[in-house]
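Student: my questions concern the predicted model and sequence given below.
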Amino acid sequence: MADVGIGHYRISAMKQTLQAGLDRLGLALAPDRIDALCRFGAAVIEKNKVMNLTAITEPQAVAELHLLDSLTLCKVLDLSGKSLLDVGTGAGFPGVPLKIAVPSLELTLLDSLQKRMRWLQDEALPALGITAAVLAGRAEDYARPGEPGREGFDVVSSRAVARLNVLCELCLPFVRPGGCFLAMKGQDAAEELQQARRAIETLGGRWERTETFELGGQQHRVLVIRKVRQTPPQYPRAYAKIKQKPLFATEKSVLFT
Ligand code: SAM
């Protein structure tokens, strides 16, 4: 990515915030990885001037709320050599920062917005020298029985896409039995988890643990949901059905821990 147009001073500010956050997280990255993360952050800010990618545009906020937030997943799970699908990746979060930090990660990005995926595939990823599979379409279509991605990934990640009871139906079918779904959530994670208990069980998952990270003065949580058996073939349903009739928690499953 040629020297991106957000200015040297602002890139330095992003880099300082990123480095301080990496120290807090206890993540050591080589200088060229840190530079690549900043180049990606700057490219998102620049492209956002002409394409709606993010509401976060200040370099320090991009470092904290996009780059570092994405990288928390490296603290949750050892991602080296794993296949990871990022569902509803948008401008590439958390998938792209993870691939920069862990080059051996086999990354697939999925989003229904064609424009964003074209920008990632044609501009952002080549400029960073990153190889990743890029899928433009709806998660529920790519996850159907018979599709190559179904139960095809060690790890599935997703941030800011849907409430957990809906999100599980979009994401768990992609996880291979034994693998993990990492759902990035905010303060309401515990409540969302209660409402999603039945969905998780029905789709072949089991909540394993929740990890908390403080970023930008807020609690960010990562729910680790293990795939313990195959997802029944009737899931995922069509999106209209999922939204109309999400797999809600029953009183019994709320009590189940
Ligand atoms: N994960 C990114 C982040 O945290 O910055 C983007 C979040 S953005 C708020 C939500 C994204 O999810 C949008 O880009 C949208 O197109 C995508 N999305 C929503 N439902 C989807 C589905 N069923 N299949 C694929 N992508 C979906």
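Tutor: That came in fine, so what should we check first?
Student: use CA for all of it now, contacts and neighbours both
Tutor: Will do.
Student: low pLDDT regions in the stretch 101-250 of the chain?
Tutor: 248-250 (pLDDT under 70).
Student: mind listing the helices for the stretch 1-150 of the chain?
Tutor: With DSSP state H, counting those that start in this stretch applied, the stretch 1-150 of the chain shows helices at 8-25, 31-47, 59-61, 69-76, 95-101, 114-119, 125-128, 139-142, listed in chain order.
Student: which other helices and strands contact the first one?
Tutor: Identification of packing neighbours for helix 8-25 by 3 or more Cα pairs under 8 Å, 6 or more residues apart in numbering; DSSP states H and E yields helix 31-47, helix 59-61.
Student: export the helices of the stretch 1-150 of the chain to JSON lines and tack on mean neighbour count and distance to residue 227?
Tutor: Shown next, in JSON lines, are the helices of the stretch 1-150 of the chain (neighbours: other Cα atoms under 10 Å; distance: least, Cα to Cα, whole Å):
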{"stretch": "helix 8-25", "mean neighbour count": "17", "distance to residue 227": "27"}
{"stretch": "helix 31-47", "mean neighbour count": "20", "distance to residue 227": "31"}
{"stretch": "helix 59-61", "mean neighbour count": "21", "distance to residue 227": "33"}
{"stretch": "helix 69-76", "mean neighbour count": "20", "distance to residue 227": "16"}
{"stretch": "helix 95-101", "mean neighbour count": "24", "distance to residue 227": "20"}
{"stretch": "helix 114-119", "mean neighbour count": "16", "distance to residue 227": "28"}
{"stretch": "helix 125-128", "mean neighbour count": "16", "distance to residue 227": "30"}
{"stretch": "helix 139-142", "mean neighbour count": "19", "distance to residue 227": "17"}
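Student: can you tell which of those is closest to residue 84?
Tutor: For the helices of the stretch 1-150 of the chain, proximity to residue 84 was assessed by Cα to Cα; helix 95-101 is nearest, at 8.0 Å.
Student: in a markdown table: the helices and strands packed on helix 8-25, plus distance to residue 152 and mean pLDDT.
Tutor: Formatted as a markdown table, the helices and strands packed on helix 8-25 follow (distance: least, Cα to Cα, whole Å; pLDDT from 0 to 100):
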| stretch | distance to residue 152 | mean pLDDT |
| --- | --- | --- |
| helix 31-47 | 27 | 96 |
| helix 59-61 | 34 | 95 |
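Student: got JSON lines for those, with distance to the ligand too?
Tutor: JSON lines is the format used below for the helices and strands packed on helix 8-25 (distance: least, Cα to the nearest ligand atom, whole Å):
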{"stretch": "helix 31-47", "distance to the ligand": "11"}
{"stretch": "helix 59-61", "distance to the ligand": "13"}
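Student: out of those helices, which comes closest to residue 240?
Tutor: It's helix 31-47; of the helices and strands packed on helix 8-25, that one is closest to residue 240 (Cα to Cα) at 31.1 Å.
Student: by contact count, what packs against that closest one?
Tutor: helix 8-25, helix 59-61, helix 95-101, helix 125-128.
Student: what packs against the third one?
Tutor: What it means is helix 95-101. helix 31-47, helix 69-76, strand 83-87, strand 106-111.
Student: beta partners for residue 212?
Tutor: On the basis of DSSP bridges, residue 212 is bridged to residue 221.
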